[in-house]
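*Asks:* The amino acid sequence is not available; the structure is as follows:
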């Protein structure tokens, strides 16, 4: 019996199929909710950083934002996962997938902040001035005029962040969470055949990344068509 047959016989087992589907679901949930939370955090941090004010409170918030970004961008995702899981969330009654999604969202927020800030800075300043001239406040100008245009500019970069988050979910098995990587590692350990299971795992990640890439391109085309 060759390696492919050994692998296929193991995969056909109902328990293995259920494990793979659970891992796939957890991987997708963590990546999606991590990105959404990261986007919200990124919007808040980017907005704080672009405010031009000499108010000490605003300056303090900007220093905090800079510190947040520096810490989460300057330390490995693996270290953040282990530290927050074992030192912060230990004993806290929260679903494992929700906990990891929160950790990934906190990490993504630091990157999204800089992505969104660059998108905001790319919007013509005259757009902001026109909004203020119409009597709109800072928040209204940001939400109704600046952010929609900024998001169009940074959509490909947001797609790249989503792909990065999806691939980084492969580390969550170190804290015992059932994900795709853990599911295929279990197959490899049970069959003592490591090459085929990990090739199959790589192919699944590759297909998911290609799907995300196609969806992002379709959204870009739609937005460009609407722009015309």
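*Replies:* Nice, thanks for sending it over. Just so you know, these numbers come straight off a predicted model, no measurement behind them.

*Asks:* Break down the chain into its helices, ranges please.
*Replies:* 3-11, 14-50, 56-74, 77-83, 96-122, 125-133, 138-141, 147-168, 180-191, 195-227 (DSSP state H).

*Asks:* JSON lines for the ones you listed, including mean neighbour count?
*Replies:* For the C-beta atoms, the positions are set from N, CA and C on the backbone; glycine is no exception. Output for the helices of the chain, formatted as JSON lines (neighbours: other CB atoms under 10 Å):
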{"stretch": "helix 3-11", "mean neighbour count": "15"}
{"stretch": "helix 14-50", "mean neighbour count": "19"}
{"stretch": "helix 56-74", "mean neighbour count": "13"}
{"stretch": "helix 77-83", "mean neighbour count": "15"}
{"stretch": "helix 96-122", "mean neighbour count": "21"}
{"stretch": "helix 125-133", "mean neighbour count": "13"}
{"stretch": "helix 138-141", "mean neighbour count": "13"}
{"stretch": "helix 147-168", "mean neighbour count": "18"}
{"stretch": "helix 180-191", "mean neighbour count": "20"}
{"stretch": "helix 195-227", "mean neighbour count": "13"}
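
*Asks:* Residue 89: which of those is closest?
*Replies:* Closest to residue 89 of the helices of the chain, according to CB to CB: helix 96-122, at 5.3 Å.

*Asks:* quick one on the thing from earlier: the helices of the chain into a markdown table, with extra columns for mean pLDDT?
*Replies:* Formatted as a markdown table, those follow (pLDDT from 0 to 100):
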| stretch | mean pLDDT |
| --- | --- |
| helix 3-11 | 81 |
| helix 14-50 | 93 |
| helix 56-74 | 93 |
| helix 77-83 | 94 |
| helix 96-122 | 93 |
| helix 125-133 | 80 |
| helix 138-141 | 80 |
| helix 147-168 | 90 |
| helix 180-191 | 89 |
| helix 195-227 | 89 |
